[in-house]
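Engineer: Got a sequence here, can you build the structure:
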Amino acid sequence: MENPKKQAPYARVVLLIVTLLSSLYFGYQLQYYSVDLYAGDSWHIVDVALNEHGLWNGFSHQHGPHRMGVAYLLYSTYFNLGITSASAHAYTQGALWLFSSLLALFISRKSRGYWTYADVIIPIVFLYPGLLMATIRVPYIHGFTVFFATAIIALHYLKRRMLRQVLTLVILFCAAFTFNSNLVVLAFAGFSFIRVFQDSLNRAEYLAYLIFIFALGMYLLTTADLDQSAATLEGSTSALGMLMYGLELTTNFVFLQAHEFQLWVGIVVLILSLTIWILPTVDSAKKMIHPRWILVALIMVYWTLNTYTRWSSGAGNAHAARYLAMSPLVLFALYWSSARWKYYSVYATGVVALFVVISWNASRQIVFPLRENKAALNHCKETLLTEEYEQCFTDLHPYPDRVHLEVSLKKLGYLP
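Structural biologist: Next up is the predicted model:
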């Protein structure tokens, strides 16, 4: 409900300035550290985009338990336009962070009814320099999860019914086929199922969403390579090992103890996060489940699946840059949930202060890894011009043969 009387003076101006400054700083750092060569998991998408014939085949191509979806479309489109530099995708992912922050600002404004100075935390969270490594090395893979999650929730507040329904179906379709974004569909399905019993006015709309999601799920299941999906779940289980991994993953999401994990920090962060997330999931005014439930459910499902399937890779895997890309959703969920508390601005101020301190002392966590990545890939680019070009293959991808690395490098013009 709109409540302009509670509007903080000049809040819009402050938010605009902070968003602009955060965008410019992030863009400047991105321009400085981005490189032409692809690295890591990006080569899986490059391999398909260069060799897959047919738009639908590429869009629905399965990689592990996921599909490539919109990421394939972007890579394929750029290649068709003659754009082969990895930096182009880094800039596109940077734009996705900005769009996601604007959607999050829209969500915060619509759910509260007015702007507040504490909303400055949103652009700071979504355009935090700690996301640069994920933006440069593995764009889209988790970035689209953040974008689709904020988009699907923002559409909930769109008043034009027909436009809302059409755009929601489009988002659900794209998310279902784009890497980890399929979890957004799963979370939204749970939200819609509950709303069917609570919201008599919009019951038909939520039923339509559930039918559409069911149809998508049946297609994905009947066309999936079950061996690829099952391979993700292989390995032994250990309750203690999964717990320790999960706690490290939690501290990584809030940029704490990235290289010096302490058990008590992980436990405190997890307990506080669960408390802040879960308590205000019901809209007390309307007696219906609140749309923030989508965000909380998504994060919890992602955290559980990541812990269960990746814990055996070791604690270092919990600090991977690709998982850090989920941090904006985690921190926005904490802020959005705490916004219903009387003193939520204290929390927001504390988080802003935390980001300022970490950014000021971020050499080991941000600057050094980015410098090493840029130096290694530029050196590799020079090595590709020599007869010893194969020596740098493992710097680009740990398993070059799996992504047909040499063939792709030739098609991109890096090898004769």
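Engineer: where exactly do the strands run in the stretch 151-300 of the chain?
Structural biologist: Ranges of strands within the stretch 151-300 of the chain are 282-283, 288-289, based on DSSP state E, counting those that start in this stretch.
Engineer: Mean pLDDT lowest where, among those?
Structural biologist: Among the strands of the stretch 151-300 of the chain, strand 282-283 has the lowest mean pLDDT, at a mean of 50.
Engineer: ok, Q29 - contacts?
Structural biologist: For Q29, the contacting residues are P129, L132, L370, taking CB atoms under 8 Å, 6 or more residues apart in numbering as the criterion. The way it works is simple: take the backbone N, C-alpha and C, and place the C-beta from them, glycine included.
Engineer: Report the buried residues of the helix or strand hosting it.
Structural biologist: Counting by DSSP states H and E, the secondary-structure element that holds Q29 is helix 11-33. Using 16 or more other CB atoms under 10 Å as the burial criterion, the residues of helix 11-33 that qualify are A11, V14, L15, V18, T19, S22, S23, F26, Q29, L30, Y33.
Engineer: any chance of those residues in TSV, plus distance to V185 and pLDDT?
Structural biologist: TSV is the format used below for these (distance: CB to CB, whole Å; pLDDT from 0 to 100):
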residue	distance to V185	pLDDT
A11	34	86
V14	35	91
L15	31	93
V18	32	93
T19	29	95
S22	29	92
S23	29	95
F26	28	93
Q29	32	91
L30	29	93
Y33	33	93
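Engineer: Surely R164 touches L158?
Structural biologist: Yes - in this structure, R164 sits in contact with L158. The criterion is CB atoms under 8 Å, and the distance is 4.2 Å.
Engineer: out of those two, which sits in the more crowded spot?
Structural biologist: Regarding R164 and L158, a neighbour count based on other CB atoms under 10 Å identifies R164 as having more, with 17 against 14.
Engineer: Just the buried residues of the lengthiest helix in the chain, please?
Structural biologist: Counting residues, the longest helix found in the chain (DSSP state H) is helix 86-112. By neighbour count, with 16+ other CB under 10 Å as the criterion, the buried positions of helix 86-112 are 86-94, 96-98, 100-112.
Engineer: any chance you could map the helices in the stretch 101-250 of the chain?
Structural biologist: Secondary structure of the stretch 101-250 of the chain by DSSP state H, counting those that start in this stretch: the helices cover 121-126, 132-137, 143-156, 161-176, 182-198, 203-223, 226-231, 239-253.
Engineer: Mind checking those helices for the one nearest to V269?
Structural biologist: Ranking the helices of the stretch 101-250 of the chain by distance to V269, with CB to CB as the measure, places helix 239-253 first at 5.3 Å.
Engineer: rank the helices of the stretch 101-250 of the chain by mean pLDDT and give me the bottom one.
Structural biologist: If those are sorted by mean pLDDT, helix 226-231 sits at the bottom with a mean of 63.
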